[in-house]
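Peer 1: Coordinates for the following, if possible.
(one chain, ligands or ions: 1)
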Amino acid sequence: MHALPDRRMAPGPKARGVNFLAKLLLRRTRPLLIFIPVIILVTIFWQARTLRSDNFIFYLPNASHLVPVQAIGHANYVPLLQVLNIVGKVQGLTAARDSLKVYVDDVEIEVRQDDKKVRIVKKNIKLSDPVLMDNGQWMVPLNFIEVALPQIIREPVAYRLGSRRAYIGDVRPESFSFRLDPIPNGSRLTLQFSGKVNIRTASRNGKWVVYLGEKPVQPLEQKFNFQDPYLTNIQFDDQDGVPKLILTPSSDGLNFYSKLDESGKAFMADLVKPGAAVAQQPPATQTPTNPGAVVPPPVAPGAALPAVPSGPALPAVVLDAGHGAEDTGARGGSGVLEKDLVAQLVAHVRTNLLATRKYRIVLTRVGDVNPSLDQRAATANAARAQVFITFHAGNLGVRTPRIVVYTYQPSSKQLPSAEDRPPGLFIPWETAQLSQLAASQQFAQALQQKFAAISGVTVSPPAVAPMRVLRSVNAPAVAVELGSLTTDVDSSALTDPNLQEEISNAIVQALIEFKGRQT
Ligand SMILES: [Zn+2]
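Peer 2: Purely as a prediction, here's the structure:
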């Protein structure tokens, strides 16, 4: 063990601050009047900066451990010694006023206050934010887990930036995908897991909780929003170390029936209006769970789902509003943001497509969120999209309004030789769009013709672009770009509801024509 030096002798910066205030109080009364509000403001802000706190979860092969996450300034911090104690054995430490040496399983780690550099076995590693002392605890930014931890322990560390969990050692978290389908008087949520799960359901405060068992689960996103009359959102939560999904129903009094299929990997939950037609009534073995019930009946795996007669599913059209959240996309002169403009347009197109009663509409994002490009493509593939349309707006020159339809442009080394690919083989994720290019171009052509019929709009011939979001979509896929949305051109025409209505109608017509030609 290394000795801790005595720190009580030297006056800290806090003590000096108090002396300064005391001098002010004694000598200068008038400036103090100005100082008081300033001091109060600073105190309030300073507290707000460090108050927010949630947990970071370390999943180890046989256990999970939580450490508190503290937002300090604009970075998130975790207590260094707690983290090191979870992932290894802290053998000893030497603390000075502004530096700390820790030994974890014979690995020497040295940090300094307000310094981004961490020394690990004499090698410098740079963190995203400086190491801090907070309430006597050494705090490191979350980025420490990504860049420094793998140098300290021999175990593999799996951590996705921005997430609140890391997997240490031989821990393989289950992943899952989901889909939401309409059923008579309700919606059916299907969760498909990568491996067997042990599921238990309960109700809590008007929400349904689906416990996913003891094994770690890695969600694609923390929260999924739906535009659905029965289900508002699903939220992943493992803040107490127990992975679970929280389902928020869109209205009160819905019944909830769920079951895990024989494989143990697919979970289905029906959210239905109570008192629906006999055909939707669950078998007697099934107990409906009503949110708000005091004692939630757990649903046994294998319990039967209500038999729901459903006709052939409608073909899915997947609409992708580009960007979202901090990624605002382009900006117009009047302050209009691309992410908002395309979301508005997608809502329009959705309404018009639903009115035809020919399609099921799947949105890749609802609200101001920014799923990754891969997740957008995954949503399309999970829904077995018949077509995929991504919407963007940007600088297309001075003539506005203007529309360009793009299809995916593969890089030259990616170009397939169709003969080389044996038929019926699994389509690799990175090249899913290649086999769809001809159909995508046909759809782009149909769109361009319908757009060209809108008066006052300049429509360019279909073009190609290496758009990453299209790359992995296993369906005819196009990008519709509106222009010009840029600060030096008047973009106000693009937000005109009449124009959006005409664009939406053109898309409906083009789609009907395109599908007609395909079958
Ligand atoms: Zn864009």
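
Peer 1: Where does the residue in the stretch 251-400 of the chain that the ion sits nearest to fall, secondary structure wise?
Peer 2: Ranking the residues of the stretch 251-400 of the chain by distance to the ion (C-beta to the ion) places His392 first, at 3.4 Å. Bear in mind the C-beta positions are built from the backbone N, C-alpha and C, glycine included. Counting by DSSP states H and E, the element that carries His392 is strand 385-394.

Peer 1: Within its sheet, name the partner strands of the helix or strand following that strand and how each one runs.
Peer 2: Moving toward the C-terminus from strand 385-394, the next helix or strand (DSSP H and E) is strand 402-408. With DSSP bridges as the test, strand 402-408 is paired with strand 458-459 (parallel), strand 463-465 (parallel), strand 477-483 (antiparallel).

Peer 1: Which of those strands has the lowest mean pLDDT?
Peer 2: Mean pLDDT values for the strands paired with strand 402-408 show the minimum at strand 463-465, a mean of 90.

Peer 1: ok, and for the next helix or strand after that strand, which residues are buried?
Peer 2: Tracing the chain C-terminally past strand 463-465 and defining elements by DSSP H and E, one meets helix 468-471 next. Using 16 or more other C-beta atoms under 10 Å as the test for burial, helix 468-471 gives Val469, Leu470, Arg471.

Peer 1: Enumerate every residue touching the residue lying closest to Asn474 once chain neighbours are set aside.
Peer 2: Residue nearest to Asn474 in three dimensions, not counting chain neighbours: Ala432, with 4.1 Å by C-beta to C-beta, 6 or more residues apart in numbering. Listed by C-beta atoms under 8 Å, 6 or more residues apart in numbering, the contact set of Ala432 reads Ala377, Asn381, Arg471, Ser472, Val473, Asn474.

Peer 1: Repeat that for Val131.
Peer 2: Applying C-beta under 8 Å, 6+ apart, the residues near Val131 are Leu80, Val111, Arg112, Gln113, Asp114, Asp115, Lys116, Val118, Trp138, Met139, Val140, Pro141.

Peer 1: which non-adjacent residue is nearest Pro79?
Peer 2: Nearest non-adjacent residue to Pro79, counting by C-beta to C-beta, 6+ apart: Gln137, 4.9 Å away.

Peer 1: With the ion as the reference, measure out to the one you found.
Peer 2: Per C-beta to the ion, to the nearest Å, Gln137 is found 43 Å from the ion.

Peer 1: do the same with Ser250
Peer 2: Applying C-beta to the ion, one obtains 30 Å for the distance of Ser250 from the ion.

Peer 1: so the residue nearest to Pro79 makes contact with Tyr77?
Peer 2: No - assessed by C-beta atoms under 8 Å, Gln137 is found out of contact with Tyr77, at 9.2 Å.

Peer 1: Look at the two and report which has more neighbours.
Peer 2: With neighbours defined as other C-beta atoms under 10 Å, Gln137 and Tyr77 compare such that Tyr77 has more, 26 against 15.

Peer 1: Adjacent strands (with direction) for the helix or strand harbouring that one?
Peer 2: When secondary structure is defined by DSSP H and E, Tyr77 falls within strand 75-79. Strand 75-79 has its sheet partners listed here by DSSP bridges as strand 63-72 (antiparallel), strand 137-141 (antiparallel).

Peer 1: What residues sit buried inside the shortest one?
Peer 2: By 16+ other C-beta under 10 Å, the buried positions in strand 137-141 come out as Trp138, Met139, Val140, Pro141.

Peer 1: give me every residue that touches the residue nearest to Arg471 when sequence neighbours are not counted.
Peer 2: Spatial nearest neighbour of Arg471, excluding adjacent residues (C-beta to C-beta, 6+ apart): Gln433 at 5.3 Å. Under the criterion of C-beta under 8 Å, 6+ apart, the neighbours of Gln433 are Tyr408, Pro410, Ser440, Leu470, Arg471, Ser472, Val473, Asn474, Ala477.

Peer 1: same thing but at 10 Å, please
Peer 2: Listed by C-beta atoms under 10 Å, 6 or more residues apart in numbering, the contact set of Gln433 reads 377, 388, 407-410, 414, 427, 440, 467, 469-477.

Peer 1: In ChimeraX, select just the buried ones from the residues you listed.
Peer 2: Filtering the contacts of Gln433 down to the buried ones (16+ other C-beta under 10 Å) takes a single ChimeraX command:
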select :377,388,407,408,409,410,440,467,469,470,471,472,473,474,475,476,477
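
Peer 1: Whichever residue of the stretch 401-519 of the chain sits closest to the ion and Lys101: what is the separation?
Peer 2: Distances from the stretch 401-519 of the chain to the ion, computed as C-beta to the ion, single out Glu481 as the nearest residue at 7.3 Å. Taking C-beta to C-beta, to the nearest Å as the criterion, Glu481 is separated from Lys101 by 56 Å.

Peer 1: Apart from its neighbours in sequence, what residue is nearest the residue in the stretch 101-250 of the chain that the ion sits nearest to?
Peer 2: When you check the stretch 101-250 of the chain against the ion by C-beta to the ion, the closest residue turns out to be Glu221, at 19.9 Å. Of all residues not flanking Glu221 in the chain, Pro371 sits nearest, at 6.3 Å (C-beta to C-beta, 6+ apart).
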